[in-house]
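Asker: attaching a predicted model along with its sequence, questions to come.
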4 protein chains.
Amino acid sequence: MKRQIAVLTSGGDAPGMNACIRGVVRRADKMGCRVWGIGRGYAGLLDGEAQPLSTRSVSGVIQRGGTILGTARSDEFLRPERRQEAVRSLQEREIEGLVIIGGDGSLRGALELERLGMPVVGIPASIDNDLPGTDISLGVDTALNTALEAIDKIKDTASAHRRAFIVEVMGRNCGYLALASAMAGGAEIVLVPEVEIDVDSIIREYHRAHRVGKPHFIVVAAEGARLRALDLCEHLSLSRPGEEAFEVRLTVLGHVQRGGSPTAFDRILGGRLGAAAVELLDEDQHGVMAGLLGDTVAAVSLDELLAAPRPFPRELYDLAQSLA
Amino acid sequence: MKRQIAVLTSGGDAPGMNACIRGVVRRADKMGCRVWGIGRGYAGLLDGEAQPLSTRSVSGVIQRGGTILGTARSDEFLRPERRQEAVRSLQEREIEGLVIIGGDGSLRGALELERLGMPVVGIPASIDNDLPGTDISLGVDTALNTALEAIDKIKDTASAHRRAFIVEVMGRNCGYLALASAMAGGAEIVLVPEVEIDVDSIIREYHRAHRVGKPHFIVVAAEGARLRALDLCEHLSLSRPGEEAFEVRLTVLGHVQRGGSPTAFDRILGGRLGAAAVELLDEDQHGVMAGLLGDTVAAVSLDELLAAPRPFPRELYDLAQSLA
Amino acid sequence: MKRQIAVLTSGGDAPGMNACIRGVVRRADKMGCRVWGIGRGYAGLLDGEAQPLSTRSVSGVIQRGGTILGTARSDEFLRPERRQEAVRSLQEREIEGLVIIGGDGSLRGALELERLGMPVVGIPASIDNDLPGTDISLGVDTALNTALEAIDKIKDTASAHRRAFIVEVMGRNCGYLALASAMAGGAEIVLVPEVEIDVDSIIREYHRAHRVGKPHFIVVAAEGARLRALDLCEHLSLSRPGEEAFEVRLTVLGHVQRGGSPTAFDRILGGRLGAAAVELLDEDQHGVMAGLLGDTVAAVSLDELLAAPRPFPRELYDLAQSLA
Amino acid sequence: MKRQIAVLTSGGDAPGMNACIRGVVRRADKMGCRVWGIGRGYAGLLDGEAQPLSTRSVSGVIQRGGTILGTARSDEFLRPERRQEAVRSLQEREIEGLVIIGGDGSLRGALELERLGMPVVGIPASIDNDLPGTDISLGVDTALNTALEAIDKIKDTASAHRRAFIVEVMGRNCGYLALASAMAGGAEIVLVPEVEIDVDSIIREYHRAHRVGKPHFIVVAAEGARLRALDLCEHLSLSRPGEEAFEVRLTVLGHVQRGGSPTAFDRILGGRLGAAAVELLDEDQHGVMAGLLGDTVAAVSLDELLAAPRPFPRELYDLAQSLA
């Protein structure tokens, strides 16, 4: 049995990280294993920032957005000798395992630490939902509902003015957040990095929608889409002579999508994955990520999962188009 | 190919029913199949209440709670001769398939109609999440978040007064909603119909929580739990001499859990299941329910799925206890 | 200039209390005056529970419901000798003024302390909105929006089933919360303690609403209304032969109305009243309540304001009826 | 008594407009006065777009954002001969009064129509809160809470990363929305058009905040502030050598601030002002705006109120600084 483990959050913050830390701490506590919380991700790991966490110290955090441990990017962590030092320092403190909560880059860092001899379990947390090996990442459900509430509000004002709105949502190179918020928001068009789309066909649809009397024309654009939201905004505006089409407006949702109290789904997922990570370490299963597959938590090798990108749900994309 | 189908919502309303109706209508429209909307569930089916639905007529409904078709219970539908008439009347109108959106009782009705020769596809919609054959039913995610918001609010006032609260949530004979909202809300205790729990152990925990200085003591109780919320309220109050324990309050969340704009998850699920139901009918697959298994929509025979109750997620219950 | 003051929250908690404590602390800090936070209201005052509060210690509380100081009822405080001791103990600690945030009962307590020689300023905080001397009390706006969200949700399910709902809201002997949430929620009927209403007229309206085809029939009932929600529920149900009228359901909103993150209005009001209380103490104006009159904060004598009940906004009630 | 009046919404849409239309229609209906709803503001007035509105046709709109009548800008309405035609056409239809719901520009248009002999009553509706003659305009409370929710979310992610965020909110030339959301959100700095602020002092505060260990640094910037959000973003970033200060991010909230279901306050205000407008017309009081002064609705001459800008609440601004 492990006597001491550590946990850190890294990369962009995602709602549910605190519920996950709580899961790690309480599950370990029940096993008699002590948990150290490392501040500011890998930066704090290098600087030796650690505090003991107890069942009481994670009381009242389940509903909070952000991360109580803090997070940061660290250029220094890219240097192998610094990572080596970090592992040595953890070993000197007799820390026998490390739970790393974060996205793609953070899990790559986790794999490096594993290779240096520190047993790690990763937990997928990223509003971009770009990680393979899990049906969904921590934070996606909350970010999606936040984006959706914004789209619902924008539809009100779009209908009042009979306008077109292009709404840019986050997701980096992954179109999931855009696709899902477009489907749920009843948008006319969605732009994702994974699918090439012809500007002219959008312009045609834009004019057709006005002609048949639609009250608004909503495009949800992933920040990573090849056709940029701003460019589409210009294309549509230029194609509009007089008042024969919708006026066009652009809204970039930005960082609001990261924050906020997590949804029930993200709180429960955080608790499940956090507890599972502790159990995996305890069973000497490491170098893995604890992900959600169907209705169960499963461990997937970090090595394998980071080798391939997450496949795009093309059939969902096609369905979105057929229901728009 | 089907030329005409009908859709109805039945039983308790669930958020996402409108997104689901929209999915049925738009998917069918794309196939050149006409959709009739039957009002007030089986009652309306018996009374011949039907209106044509078009892509335009389901515009703007995706974000609305309740059901635009209305729903009702129907005692008359229990009579075989009335059901026979209903099927005959559908056949006379040349309706070749029927999509039925509802819970356990509604799907039993669906199976009866199938047996009488009307091709049906059921869609699981019930905030109780008591249906087998699907990971989750339509409306559960929204109801869960509604219950959670209430629990979050109650925790504020519980902490301010250092009180115990017993919060009764819906779910009929199923403890899922209670279990999930208790986990997500960070409740100390959850009462579900599926697990017998000793009153004395709750009383002990109630006193222990006060002794160790917890700011509140939250019990989430399923409406179907054997130990009723109201009874527990009395048990705890009676065990409290003077101010040496938390004062106890009871809140019954009630019907607010049914309403409200659906979450992203329920809107997308509604769309997917609605579209899938149309495709199943089109492929002459009927007498089935379109459910969500893992990340895909799958058809399960109504006959089989209604034969056994949904299994209780015991490991989730145990996890809830270990994290509380 | 005061060098040391204290602040406490008392009675039922109200959203915005934390924003108010923050206002007291930060305004005093800017003046070079130290603030002690007294825990658990008058109970903590009697027990000598006090902690120093600084600008930093109230960081991050503005958005939180409940009260970081805790609140409680205290029977002991009713005894004059105990109050005398409390004042003596404050004087021994060289506390020169006391800010009391609470409702009717709390402000009566405040007046008693003032009479014993402790300079006090009261701040009206109560979701019941039953205090005169201010246009509105702290917490009302948040509670009202919470009740409204519940009513909006209930309307969804009421419309789906064509049902009548009786929704009981808080407010003790004051009908404001019921009236305002009924108006904002578009309810058909509102029951308040201040206006006698004839059961028969409600029953007639209930049947008329069904006859003319209304989709639902919503009654908002103040908990203090003479015609109790539960009784009305029975009256309506008994007047319903067969299906010729709406089925009737009752929902008691309960303690959810107290909690939750305060609205913008309550946060700003809390800050303004808290700061004003410090300024009043500093100007040796005490024995008063800092209330909101129109757009400005004004001091009203506690003595006078507690002598008369808050008048009922009859014209608003009449308007509600005319718009229903 | 008037037998026929008309109502229109004009300019930027504001939450509560539908509640206000409902108030106009239902109050008039009770008086036996018919109401015509004019579509798309002054543009629809010129085009003769009008539909009869009844108590039933405004059922279910109280909770909806946007405006069921639509709104638009109209360049043509600037031409006197077109306005003359519009008045003539209203008179030919025997419309005896016009209720105009909108902001500054819309009320200037209203005054022009009044001068041409059409009795008008204006209702202040604008999320910018830039209208004098009323304590607050319709839509401000909802927009403020929407901006606040976004700021709350951004604080989560700002704290997680220890970042500075500049959040640009709407308000055109008026700083109210920025000031109020900054106060309620607990922002460190607010930029408004009405107060000149020295960049260097902000930079100093930005560095001081980091030095003393604040978890974040939030600036709320009005879109009309002389120091633009984008420019401040650059100033701060340039003043940051290495990691000795907060990283800086910019978020422009944009059109989400206009939409969404109105708050209780805006629904009630809408109902009150709408009903009052009808009563004023009925009493032959026109050429006025129905505004909220303290707790009552009062009529202010359009002529006078449009002559002077709304004064800036300087003491609220000073308070915001003292509590930051």
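Answerer: That came through, no problem. Residues are numbered from 1 along each chain as shown, chains lettered A, B, ... in the order given.

Asker: I'd say residue A:99 and residue A:2 touch.
Answerer: No: Residue A:99 is beyond contact range of residue A:2, at 10.9 Å (criterion: C-beta atoms under 8 Å). (Glycine included, C-beta is placed from N, CA and C.)

Asker: list the contacts of the residue of the stretch 151-300 of chain A found nearest chain B.
Answerer: Ranked by C-beta to the nearest C-beta, the top residue of the stretch 151-300 of chain A for proximity to chain B is residue A:294, at 3.6 Å. By C-beta atoms under 8 Å, 6 or more residues apart in numbering or on different chains, the contact set of residue A:294 is A:135, B:135, B:293-295.

Asker: return the members of those classed as buried.
Answerer: Listed as buried from those are A:135, B:135; burial here means 16 or more other C-beta atoms under 10 Å in any protein chain shown.

Asker: show me the two of the contacts of residue A:294 that sit farthest apart.
Answerer: Using C-beta to C-beta, those span at most 11.5 Å, a distance reached by A:135 and B:293.

Asker: mutual contacts of residue A:99 and residue A:2, please.
Answerer: With C-beta under 8 Å, 6+ apart as the test, residue A:99 and residue A:2 both reach residue A:281.

Asker: picking that back up, now, the contacts of residue A:294 that are in helices?
Answerer: Nothing among the contacts of residue A:294 maps onto helices, per DSSP state H.

Asker: so what's the residue sitting furthest away from the middle of chain A up against?
Answerer: Using C-alpha atoms, centre = their mean, the residue of chain A lying farthest from its centre is residue A:242. It sits 41.6 Å away. Residues counted as contacts of residue A:242 (C-beta under 8 Å, 6+ apart): none.

Asker: and it, how close does it get to residue C:265?
Answerer: Plainly put, residue A:242 is 43 Å away from residue C:265 if you go by C-beta to C-beta, to the nearest Å.

Asker: ok, residue A:73 - how many residues close by?
Answerer: Residue A:73 is flanked by 17 other residues according to other C-beta atoms under 10 Å in any protein chain shown.

Asker: next one: residue A:60
Answerer: Going by other C-beta under 10 Å, the residues that sit close to residue A:60 add up to 16.

Asker: in terms of helices and strands, where is it?
Answerer: Assessed by DSSP states H and E, residue A:60 sits outside every helix and strand.

Asker: all strands of the stretch 101-250 of chain A, in order?
Answerer: Using DSSP state E, counting those that start in this stretch, the strands of the stretch 101-250 of chain A run over residues A:120-124, A:163-169, A:189-191, A:217-222, A:247-252.

Asker: return the most buried member of these.
Answerer: Across the strands of the stretch 101-250 of chain A, averaging neighbours per residue (mean count of other C-beta atoms under 10 Å in any protein chain shown) puts strand A:120-124 on top, at a mean of 31.

Asker: show residues contacting that one.
Answerer: By C-beta under 8 Å, 6+ apart, strand A:120-124 touches A:20, A:97-103, A:106-107, A:110-111, A:113-114, A:131, A:133-134, A:137-138, A:273-274, A:277, A:280-281, A:285-291, A:299, A:302.

Asker: strand partners (parallel or antiparallel) of that strand?
Answerer: strand A:98-102 (parallel), strand A:288-293 (parallel) (DSSP bridges).

Asker: state the pLDDT value of the residue farthest from the centre of chain A.
Answerer: Turning to residue A:242, the model gives it a pLDDT of 70.

Asker: tell me which residue of the stretch 201-324 of chain A lies closest to chain D.
Answerer: For the stretch 201-324 of chain A, C-beta to the nearest C-beta, closest residue to chain D: residue A:259, 3.2 Å.

Asker: circling back to that earlier point, between the contacts of residue A:294, which sits nearest residue C:174?
Answerer: Taking these together and measuring to residue C:174 by C-beta to C-beta, the closest member is residue B:135, at 47.2 Å.

Asker: flag every residue of the stretch 101-250 of chain A that's near chain D.
Answerer: When proximity is defined as C-beta under 8 Å from any C-beta of the partner chain, the stretch 101-250 of chain A approaches chain D at A:146, A:149-150, A:152-157, A:159-162, A:165, A:249-250.

Asker: out of those, who has the most neighbours?
Answerer: residue A:154 (30 neighbours).

Asker: distance of that residue from residue C:247?
Answerer: To residue C:247, residue A:154 is 37 Å away according to C-beta to C-beta.

Asker: and residue A:113, by the same measure?
Answerer: For residue A:113, the distance to residue C:247 - C-beta to C-beta - is 62 Å.

Asker: got it, and residue A:52?
Answerer: Counting by C-beta to C-beta, the gap from residue A:52 to residue C:247 is 57 Å.

Asker: same check on residue A:54?
Answerer: 51 Å.

Asker: coming back round to it: from the residues of the stretch 101-250 of chain A next to chain D, which are also near chain B?
Answerer: Answer for these near chain B (C-beta under 8 Å from any C-beta): A:152, A:155.

Asker: can you tell me which of the residues of the stretch 101-250 of chain A next to chain D are in helices?
Answerer: Short answer: these in helices (DSSP H) are A:146, A:149-150, A:152-157, A:159-161.

Asker: tell me which two of the residues you listed sit farthest apart.
Answerer: Greatest spatial distance among those (C-beta to C-beta): A:146 and A:161, at 23.7 Å.

Asker: quickly check: stretch A:126-142 near chain B or not.
Answerer: Yes: on the criterion C-beta under 8 Å from any C-beta, stretch A:126-142 is in touch with chain B at A:135, A:141.

Asker: I figured the residue of the stretch 201-324 of chain A closest to chain D was touching residue D:155, is that so?
Answerer: Yes: contact criterion C-beta under 8 Å: residue A:259 and residue D:155 qualify, at 7.0 Å.

Asker: next, the contact list for residue A:52, please.
Answerer: By C-beta under 8 Å, 6+ apart, residue A:52 lies in contact with A:34-37.

Asker: ranking the residues you listed by neighbours, who comes first?
Answerer: Busiest of the contacts of residue A:52 [other C-beta under 10 Å] is residue A:35, holding 27 neighbours.

Asker: the helix or strand hosting that one pairs with which strands, parallel or anti?
Answerer: Under the criterion of DSSP H and E, residue A:35 resides in strand A:34-38. For strand A:34-38, the paired strands and their directions (DSSP bridges) are strand A:4-9 (parallel), strand A:50-53 (antiparallel).
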